[in-house]
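Undergrad: Build me a model:
(one chain, ligands or ions: 1)
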Amino acid sequence: MLKSHWMMAIAWVALSCSHLFAAEFPDFASLPSRAETPDPLVMLDGTKVSTVADWNAKRKPELKGLFQNFMYGYLPPKPQRSVVEEVIFTDNTFLDGKATLSESRLAFFGPDLKHRLHVLLVVPNKKSGPVPVFVGMNFCGNHALASHPKIHLVESWVYKSCVGSEMERATEKSRGTQAEAWNLDLIIERGYGLACFYSGDLDPDTADFSDGIEPSYYKPGQTGPAPSDAGAIATWAWGYHRVVDFLFEQHSKEIDLKRIAAVGHSRNGKTTLLAAALDDRIALAIPHQAGCGGTAPSRVAIDRKDVETIRRINTAFPHWFCDNFALFNETPDKLPFDQNCLVALCAPRPVLFSNATEDQWANPDGQIDMLRGADAVYGLFGAGGFNVKERPELGQLVGTKLGYFIRDGKHSMERRDWTAFLDFADKQLPSGR
Ligand code: GCU
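TA: Predicted coordinates for the structure are as follows:
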């Protein structure tokens with residue numbers, strides 16, 4: 001057998017292993033309806049889980065499978081090989097010499113992807129040891145985080161709404177236009193690093209997958225996604241995992257690998273929570289204003305107009321989830337989980353839900369219920385969960401390992417949000433872990 005054939009054979013084995021659970025799950029028609037939020041500690045067959053060992057060995061893998069099978073689609077497998085194709089630049093004079101900014105282009109093989117993932121990394125120069133780092137996914141390209149001329153300008157599709165974009169392409173005018181969302185100076189001042197990537201490097205947020213990595217994982221003859229194949233959020237979560245691999249493989253001296261936090265806003269926040277739920281290397285997660293399909297309950301009355309329902313999200317953004325998810329549009333109470341179970345998969349790691357008063361669409365009150373509904377699993381770990389019952393005062397961080405924050409204002413990521421993120425990380429991710 002030629003080497004490439006061996007590689008393909010191994011890739012197919014890896015692919016089919018990632019789908020192992022699918023065959024074990026009931027089909028949609030035989031799922032029972034339950035109006036109440038599912039208990040994360042009760043297995044699909046009704047067995048109650050009461051030990052950490054059973055949680056880890058049985059319920060956690062079951063929930064990981066259920067979320068992928070019925071909602072997000074199965075993440076592609078880890079590539080057999082990831083390489084840094086090029087370190088595009090390194091600048092140790094960034095932010096008046098306070099930080100080193102670099103960008104690396106990653107390539108993946110097995111299967112061989114034509115897409116390249118660009119990782120922008122900023123790390124403080126003054127440090128007494130390895131630093132904690134946020135891994136984030138951005139909306140408009142790495143070049144939008146800072147007006148540094150060497151940051152690679154995205155060549156593929158970008159949102160029309162990205163400042164400086166012309167005909168859905170980035171231009172020189174796009175540089176630095178998201179600086180206020182990412183606050184690199186504050187992150188550095190507080191002693192953290194940031195590794196950031198653009199979602200469109202892996203799958204532009206358009207209605208089909210032809211421009212993303214997804215078709216590279218299709219079986220021979222397959223022309224579109226199967227019902228539980230990865231949607232865009234699953235593909236983007238795979239991207240978070242590849243950035244974590246990159247930090248482990250290339251930056252283990254300067255980054256504290258036990259203090260990797262994931263962050264993202266809105267659809268990128270939905271991705272953040274999924275990425276953390278499926279990868280224990282992510283030590284803390286901040287899905288910011290993530291809402292429906294992320295931090296908000298799927299079980300809301302289907303005719304509610306003030307918050308997003310799964311019918312609305314599957315209609316407006318059908319490519320974010322796998323096709324199976326749309327089966328639940330009219331009957332969300334048939335879902336064998338709710339988003340509290342996705343939080344529970346992060347236990348005992350810290351998770352912060354952050355919100356804004358004018359972002360009712362993201363259902364900030366329903367999100368409180370999701371944290372409460374994960375509390376029992378944190379309790380199992382003796383990890384101090386969440387017993388907040390109603391909206392806290394504006395601008396106050398509440399909770400412990402499970403945290404909640406709401407401020408006034410709009411759906412956006414701002415400096416005051418980052419102050420809360422960093423305060424939460426300082427408390428929940430102390431050095432010397
Ligand atoms: C829309 C969508 C939300 C999403 C948001 C965003 O408002 O309905 O689910 O979170 O876009 O990503 O900005």
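Undergrad: Which helix or which strand is home to the residue nearest the centre of the chain?
TA: For the chain, the residue whose C-alpha lies nearest the mean C-alpha position (C-alpha atoms, centre = their mean) is Thr272; its distance is 1.9 Å. For Thr272, the host element (DSSP states H and E) is helix 267-277.
Undergrad: follow-up on the earlier one: the residue nearest to the centre of the chain: what's it in contact with?
TA: By C-beta atoms under 8 Å, 6 or more residues apart in numbering, the residues touching Thr272 are Gly136, Met137, Tyr240, Ala262, Val263, Gly264, Ala285, Ile286, Pro287, His288, Ala290, Gly294. Using the backbone N, CA and C atoms, a C-beta is placed for each residue, glycine as well.
Undergrad: what stretches of this protein score poorly on pLDDT?
TA: Scanning the chain for pLDDT under 70 picks out 1-23, 433.
Undergrad: mind checking the longest strand of this protein?
TA: strand 81-93 (DSSP state E).
Undergrad: how about stretch 251-261: buried residues?
TA: Across stretch 251-261, burial judged by 16 or more other C-beta atoms under 10 Å covers His251, Glu254, Ile255, Asp256, Arg259, Ile260, Ala261.
Undergrad: and the next element down the chain from the helix holding Thr272?
TA: By DSSP H and E, the next helix or strand past helix 267-277 is strand 284-288.
Undergrad: quick one: that next one to helix 267-277, angle?
TA: Orientation check (axes from the mean of the first three to the mean of the last three C-alpha atoms, to 10 degrees): strand 284-288 against helix 267-277 gives 160 degrees.
Undergrad: Need the residues that contact strand 284-288.
TA: By C-beta under 8 Å, 6+ apart, strand 284-288 touches 134, 259-266, 269-270, 272-273, 275-276, 294-295, 346, 349-354, 413, 417, 421, 424-425, 428-429.
Undergrad: Buried only: go through those residues for me.
TA: Buried, going by 16+ other C-beta under 10 Å: 134, 259-266, 269-270, 272-273, 275-276, 294-295, 346, 349-354, 413, 417, 421, 424-425, 428-429, out of the contacts of strand 284-288.
Undergrad: and the ligand, which of those reach it?
TA: Ser266 (C-beta under 6 Å from any ligand atom).
Undergrad: Now, the buried ones among the contacts of strand 284-288 that are in helices?
TA: Here DSSP state H is the test, and those give Gly269, Lys270, Thr272, Leu273, Ala275, Ala276, Asp417, Phe421, Phe424, Ala425, Gln428 as lying in helices.
Undergrad: Please save the CA atoms from stretch 81-99 in PDB.
TA: Output in PDB follows, covering the C-alpha atoms of stretch 81-99 (Å, rounded to 0.1, in the frame of the first residue of the first chain):
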ATOM      1  CA  ARG A  81       0.000  16.200  11.800                       C
ATOM      2  CA  SER A  82      -0.100  19.900  12.300                       C
ATOM      3  CA  VAL A  83       2.900  22.000  11.300                       C
ATOM      4  CA  VAL A  84       3.800  25.600  11.600                       C
ATOM      5  CA  GLU A  85       4.300  26.400   8.000                       C
ATOM      6  CA  GLU A  86       5.600  29.900   8.700                       C
ATOM      7  CA  VAL A  87       6.100  32.200  11.600                       C
ATOM      8  CA  ILE A  88       5.000  35.300   9.700                       C
ATOM      9  CA  PHE A  89       6.600  37.800  12.000                       C
ATOM     10  CA  THR A  90       7.700  38.300  15.600                       C
ATOM     11  CA  ASP A  91       7.800  41.800  17.100                       C
ATOM     12  CA  ASN A  92       9.100  42.200  20.600                       C
ATOM     13  CA  THR A  93       8.500  46.000  20.600                       C
ATOM     14  CA  PHE A  94       4.700  45.700  20.500                       C
ATOM     15  CA  LEU A  95       2.800  48.000  22.900                       C
ATOM     16  CA  ASP A  96       5.900  50.200  23.600                       C
ATOM     17  CA  GLY A  97       8.000  47.100  24.300                       C
ATOM     18  CA  LYS A  98       5.500  45.700  26.800                       C
ATOM     19  CA  ALA A  99       4.700  42.700  24.700                       C
END
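Undergrad: In that stretch, which residues are buried?
TA: Result for stretch 81-99 [16+ other C-beta under 10 Å]: buried residues Ser82, Ile88, Asp91, Phe94, Leu95, Lys98, Ala99.
Undergrad: Of those residues, which pair is most distant in space?
TA: Ser82 and Lys98 (29.7 Å; C-beta to C-beta).
Undergrad: Please report the distance of Asp205 from the ligand.
TA: Distance, Asp205 to the ligand, by C-beta to the nearest ligand atom, to the nearest Å: 9 Å.
Undergrad: before we move on, what SS does that residue have?
TA: coil (DSSP: H, G, I helix; E, B strand; the rest coil).
Undergrad: and this protein, which residues reach the ligand?
TA: Neighbours of the ligand within the chain, by C-beta under 6 Å from any ligand atom: Ser266, Arg267, Gly291, Cys292, Glu308, Ile313, Ala316, Trp361.
Undergrad: ok, and what's touching stretch 117-127?
TA: 88, 92, 94, 97-106, 108, 131, 133, 142, 145, 151-152, 184, 187-188, 191-198, 201-202, 239, 242-243, 246, 251, 254-255.
Undergrad: now, among the ones in helices among the buried ones among the contacts of strand 284-288, which is nearest to Leu66?
TA: The nearest member of those to Leu66, counting by C-beta to C-beta, is Leu273 at 15.1 Å.
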